[in-house]
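Q: sequence-free structure coming up:
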């Protein structure tokens, strides 16, 4: 699915124009970015939560040469799916 197809599908589902759907997603993106910078975590309803995670510096390997390389510490964005979203794709067999 392309980004244009995604916005079209959202627009049709919400019964709004494609331009309005794009505007809503732009606003969501802006709010998430601002809140992550301020708080480090933000819930996204039934989808899950977006949070910042600090990764420590570590030693890795270049897969082509096997040479050791230093990987710097950094902050990454992680998306933790909500229980309902996980359960929709990981149904456990009943015993």
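A: Perfect, I can see it now. Model, not experiment: these values are computed from the prediction.

Q: switch to C-alpha atoms for all contacts and neighbour counts from now on
A: OK.

Q: hang on, residue 63 in a helix?
A: No - according to DSSP: H, G, I helix; E, B strand; the rest coil, residue 63 belongs to no helix; its state is coil.

Q: that one: how many residues sit nearby?
A: Neighbours of residue 63 under the rule other Cα atoms under 10 Å: 8.

Q: how close does it sit to residue 69?
A: Noted for residue 63: a distance of 10 Å to residue 69, by Cα to Cα, to the nearest Å.

Q: likewise for residue 32?
A: In this view, residue 32 and residue 69 are 33 Å apart by Cα to Cα.

Q: what does the helix or strand hosting residue 86 contact?
A: Counting by DSSP states H and E, the element that carries residue 86 is helix 83-89. With contact meaning Cα atoms under 8 Å, 6 or more residues apart in numbering, helix 83-89 is reached by 46, 47, 48.

Q: for residue 36, helix, strand, or coil?
A: Going by three-state DSSP: residue 36 is helix.

Q: got the contacts of helix 83-89 as a markdown table, with pLDDT columns?
A: What follows is the contacts of helix 83-89, written out as a markdown table (pLDDT from 0 to 100):
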| residue | pLDDT |
| --- | --- |
| 46 | 87 |
| 47 | 90 |
| 48 | 92 |
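
Q: among the residues you listed, which ones are buried?
A: residue 48 (16 or more other Cα atoms under 10 Å).

Q: distance to residue 83 and secondary structure added to the contacts of helix 83-89, as a markdown table?
A: Below are the contacts of helix 83-89 laid out as a markdown table (distance: Cα to Cα, whole Å; DSSP: H, G, I helix; E, B strand; the rest coil):
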| residue | distance to residue 83 | secondary structure |
| --- | --- | --- |
| 46 | 8 | helix |
| 47 | 9 | helix |
| 48 | 8 | strand |
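
Q: want to throw the contacts of helix 83-89 into a markdown table with distance to residue 59?
A: What follows is the contacts of helix 83-89, written out as a markdown table (distance: Cα to Cα, whole Å):
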| residue | distance to residue 59 |
| --- | --- |
| 46 | 37 |
| 47 | 34 |
| 48 | 31 |
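
Q: now flag whichever of the contacts of helix 83-89 is closest to residue 19.
A: For the contacts of helix 83-89, the closest approach to residue 19 (Cα to Cα) belongs to residue 47, at 22.9 Å.
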